[in-house]
Each structure stands twice: as structure tokens, then as C-alpha cells.
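Colleague: Structure of the sequence below:
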Amino acid sequence: MTSNNTTTDIEQALKSSRGNIILRAGAGTGKTYNLTRRVMNLLSGNLDGEGKGKPCRVDEILALTFTNDAAGEMRERIYASITEELRSTDDPSLRRHLHREKREFGRNFIMTFHAFCQRLLQYYPDEVASLSFPKTPDSVENNPDEFVHLEAGFDLLDEYRQSVLQIEWHKQFYRTYKDLSSLRSQLANLGKRRFETIIEKLSGLPNGVLQKISGLSPNDYIERLDQVRKTVARHTETAYAPIRDYMENHADYFKNPSLDPVTFAAECVTKSGSFRLNQLTNSKQTKEEVKDALDPLISNLMTWIGVYDSLNKLFNDGEKPLLNRIGEYQKNDTFDADISDYFNLVELADVALRWSVFMRYSRVREKLITFDDVITLTEKLLDVHPEIASEMQQRFRYILIDEFQDTDERQ
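Modeller: Numbers count the residues shown, from 1 in each chain. As a prediction, the model looks like this:
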């Protein structure tokens, strides 16, 4: 069920006992408030359909958010709502249930993603200790030469210790891969400091993503670029829609309110990037209210048009298709900044994959993990031990996620 922000839709969603529910609304419109109401409906059995009259226990609900502050606020709201419900209900059975849930509220699973994952890792120390971490990626080396296991009593790696330890870990990485051509090429191309900055950012991607990028053929690369170009084109049109609507709603003020995005940008934006809306209007001087309304919309539009133009040039640069230019670059080693991006991307992804695996191996060897490792370890724990995943599915009758649009694939 997808709920818009009508009162009837929201009330139906908050009381639904089956299926998945998405509540879409803008910032500051009460999504967290309604999530709290949803939890209270679950705790009190105030549901429609099969769940009617069947109150949940507080530890049967998993409610996840992104920050400790948001999780704390949610816990406070729900605890206060239990107290308020106790004051208002005359049902003795419900009162007994809510008194028990209030006493045992400390057993709740209302927390951040990272806190929940840490709790899982602590609940299953033997299973976590069975997980192995290679020194080199499986996809790169057929037989990883070393494995380590995360023993009980591991600590979160703080920023100070990481800054000290990673100096030695970096040295060990360079020694391990001293003969790797992609590493030597990118170090020479970028310099050590810039190289490490880029690699640190890239290694934050899931290993599966890095593996796919490092194995991209020229054909795959072009196909992906074209997909991105089409996606950017859709975003460009979406960014232009409110501008077009504004001009059509003030048609008497604009010369041509039905321009396409590219023509609009060409006519109203100077080479320096400033706006000249008077070129599009029937007035020599643009009204302040028009500038106030359109300036931020045009800024957003120009961001997307800039990306689209850059991608479009790759496909429409002279007579030679992109694939031919990649082939010529590879054959003749002729410099082409756009085409060299393909080779740099593949090489950097290859090095970043090795870097990510090696650094995690180094941390685990020292019984240290980062916040990102917490998510990765939990993902691996559930993959290797499906019985734990099954146990969690049985334990939690309902899962609620605040700001769901911000989750990534692993979460």
C-alpha cells in the first residue's frame, strides 16, 4: 500500500495489518509522528483485518532510523504514547498489556541501523567468529593466501587509532601489490595523496559494485553511459517542469512559455552562468517576484543540463562513435581525456576492490571494525548463516523504517 498525504489514506495505512506500506510526504509534514502512531496501533492491537485486537509486544517491532537523535526521539515519543494510552483506555486486558510493555520497554528495538547490526553481532559471537576475511579478493586471486577471523571482544575503530594504524596498513598494501600495473599506473597519474583520497572514497562502495566496474568491457561501459544519459535526461525534464508550469501560468508575461529545457537554457543563461530572464519576457526588466520564483529552479535545471551536455558530447563528438574512439585509444595510445576516463575507471575500481578487502583484513586481524564494517559483517553473517535471518524474520512481526528513501541496497 502506498499512502499519499490524505487523512483517509494515512488512517487506513496506520491501521493496516498486512502488506508493505510506504508513507510519502515532504519534510516536516509529520512522517515520524505517524510512524509513532503506527507503533502505538501495533502495541494496542488497533488494526484492521487479521491483526485486529492482537497487540504486539515491544520487542516484536523493529523500528530503524539513521541517527541516534532520531532514534532517541522516537523512543521518547512511543514511551510517552504508551503512558497516554494507559490513561485513556478502560480495557483491563489492554491496560495489563501496556503496563507490561512499559516495564519492559528497555527491550525495544527502536534504534539506528548500525546499533541494530552491532546488537546482532554481539548476540551471535560464535557465528561471527566463523566468518573468514581474505587478504585478497576472491574475484581477483583464485586462491586467497590468507584469511583472518573476527574474534570475540572486537572494538569499534576510533578516528585516532585509525589515523595511526592505517599508516602501516598502507605500507603493507603497497608492498603486497608492488607489481600491480593498475596501481603503478594510477599512482603515477594521480600522485600518492590524491590517489589515496580517491581510493578511500571508491572503497566505500560494495565489493560487488567494484568488481562489476573493474570488469567493464568498452561495450558495457558505453551501454552504462547511455543508460546514465537517459536517466539524466529524465531528471532534466523533471527539473524543467516547474519552470514550464510557471511560464504557462503567466503566459501573458513570457514570449514563449512552451520552450524545451535546452532552448530555455540557451536563451536565458549567459556563458558566465548568470540568468537573463528578460530575454524571455515581454518586459525589459524582470519583475522581482519572477526572479525569486525562477532563480532557484533555474539553478537546479542548469546542474542537470551541465551533466547531460557532458554525457551527450561523448556520443556526438564528430563522426566517430564512442566505441571506435575507445578502440583507437587502446591501439594507438592517443590521448583523449574522455576516453581515458574509461581506462582510469576500470583501473581505479580494480585497485579499490583490492584496497577495500586488504584494509578490512587488516582491521579484523587487529580485532577492530569501522561503522561501515558493522553493516558489511551483518550482511555476511545473514548470508552465511540463513538460520539467523530466519530467526529474525520470526522474531519481528513488523519492521518500520524512518526515512526509507535514504537507505542503500545493503541496509
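
Colleague: buried set for whichever strand or helix holds residue 160?
Modeller: Element membership of residue 160 [criterion: DSSP states H and E] is helix 159-176. Of the residues in helix 159-176, 165, 166, 169, 170, 173 count as buried by neighbour count, 16 or more other C-beta atoms under 10 Å. For the C-beta atoms, the positions are set from N, CA and C on the backbone; glycine is no exception.

Colleague: which residue packs closest to residue 97, ignoring adjacent ones?
Modeller: Among residues not flanking residue 97 along the chain, residue 55 sits closest, at 5.0 Å (C-beta to C-beta, 6 or more residues apart in numbering).

Colleague: Now for that neighbour, how many residues are close by?
Modeller: 19 (other C-beta atoms under 10 Å).

Colleague: My guess is it contacts residue 43. True?
Modeller: Yes: Residue 55 lies in contact with residue 43 (C-beta atoms under 8 Å); the separation is 5.9 Å.

Colleague: Find residues that contact each of the two.
Modeller: residue 97 (C-beta atoms under 8 Å, 6 or more residues apart in numbering).

Colleague: Need the pLDDT of residue 390.
Modeller: At residue 390, the pLDDT value in this model is 90.

Colleague: Also residue 245?
Modeller: At residue 245, the model reports a pLDDT of 82.

Colleague: Quickly find the element holding it.
Modeller: Using DSSP H and E, residue 245 falls in helix 218-249.

Colleague: Phi first, then psi, for residue 155.
Modeller: Main-chain torsions, residue 155, degrees, to the nearest 10: phi -120, psi 160.

Colleague: Does it touch residue 364 like I think?
Modeller: No: look at residue 155 against residue 364 with C-beta under 8 Å: they stay out of range, at 11.6 Å.

Colleague: Settle it for me: which of these two has more neighbours?
Modeller: With neighbours defined as other C-beta under 10 Å, residue 155 and residue 364 compare such that residue 364 has more, 21 against 10.

Colleague: Need the phi and psi values for the more buried one.
Modeller: phi -60, psi -40.

Colleague: what's near enough to touch it?
Modeller: 133, 148, 149, 150, 154, 373.

Colleague: and the helix or strand hosting residue 381, which residues are buried?
Modeller: Residue 381 belongs to helix 371-384 when elements are defined using DSSP H and E. Within helix 371-384, the residues scored as buried using 16+ other C-beta under 10 Å are 373, 374, 375, 376, 377, 378, 380, 381, 382.

Colleague: What about the residue nearest to the fifth one when sequence neighbours are not counted, how many residues nearby?
Modeller: This means residue 377. Distances taken as C-beta to C-beta, 6+ apart put residue 121 closest to residue 377, at 6.0 Å, once the chain neighbours are dropped. Using other C-beta under 10 Å, the number of residues around residue 121 comes to 20.

Colleague: Residue 121 contacts residue 378, doesn't it?
Modeller: Yes: judged on C-beta under 8 Å, residue 121 makes contact with residue 378 at a distance of 6.4 Å.

Colleague: joint contacts of these two?
Modeller: Residues touching both residue 121 and residue 378 (C-beta under 8 Å, 6+ apart): none.

Colleague: Can you check what pLDDT the model gives the residue nearest to residue 377?
Modeller: 88.

Colleague: Check which helices and strands the host helix or strand of it sits against.
Modeller: When elements are defined using DSSP H and E, residue 121 is found to belong to helix 113-123. Applying 3 or more C-beta pairs under 8 Å, 6 or more residues apart in numbering; DSSP states H and E, one finds that helix 113-123 makes contact with strand 61-65, strand 109-112, helix 371-384.

Colleague: Could you say which helix or strand holds residue 259?
Modeller: Using DSSP H and E, residue 259 falls outside every helix and strand.

Colleague: Now do the closest residue to residue 124 other than its chain neighbours against residue 111, distance only.
Modeller: Excluding its sequence neighbours, the residue lying closest to residue 124 (C-beta to C-beta, 6+ apart) is residue 388, at 6.1 Å. Residue 388 sits at a distance of 18 Å from residue 111 (criterion: C-beta to C-beta, to the nearest Å).

Colleague: What of residue 311?
Modeller: As judged by C-beta to C-beta, residue 311 and residue 111 stand 41 Å apart.

Colleague: Same check on residue 169?
Modeller: Relative to residue 111, and taking C-beta to C-beta, residue 169 is found at 31 Å.

Colleague: Please apply the same query to residue 203.
Modeller: Distance from residue 203 to residue 111, by C-beta to C-beta: 27 Å.

Colleague: Please apply the same query to residue 190.
Modeller: 40 Å.

Colleague: what's the following helix or strand after the helix holding residue 381?
Modeller: The first helix or strand that comes after helix 371-384 along the chain, using DSSP H and E, is helix 386-395.

Colleague: Quick one: residues contacting the residue nearest to residue 124.
Modeller: When contacts are counted by C-beta under 8 Å, 6+ apart, residue 388 touches 120, 124, 127, 381, 382.

Colleague: And the strands in this protein, which stretches?
Modeller: 2-3, 22-23, 61-65, 109-112, 132-134, 147-149, 155-156, 368-369, 398-401 (DSSP state E).

Colleague: Remind me what the longest one packs against, helices and strands.
Modeller: Applying 3+ C-beta pairs under 8 Å, 6+ apart, we find strand 61-65 packed against helix 31-44, helix 68-88, strand 109-112, helix 113-123, strand 398-401.

Colleague: same thing with the fourth one?
Modeller: With contacts defined as 3+ C-beta pairs under 8 Å, 6+ apart, the secondary structure elements packing on strand 109-112 are strand 61-65, helix 68-88, helix 113-123.
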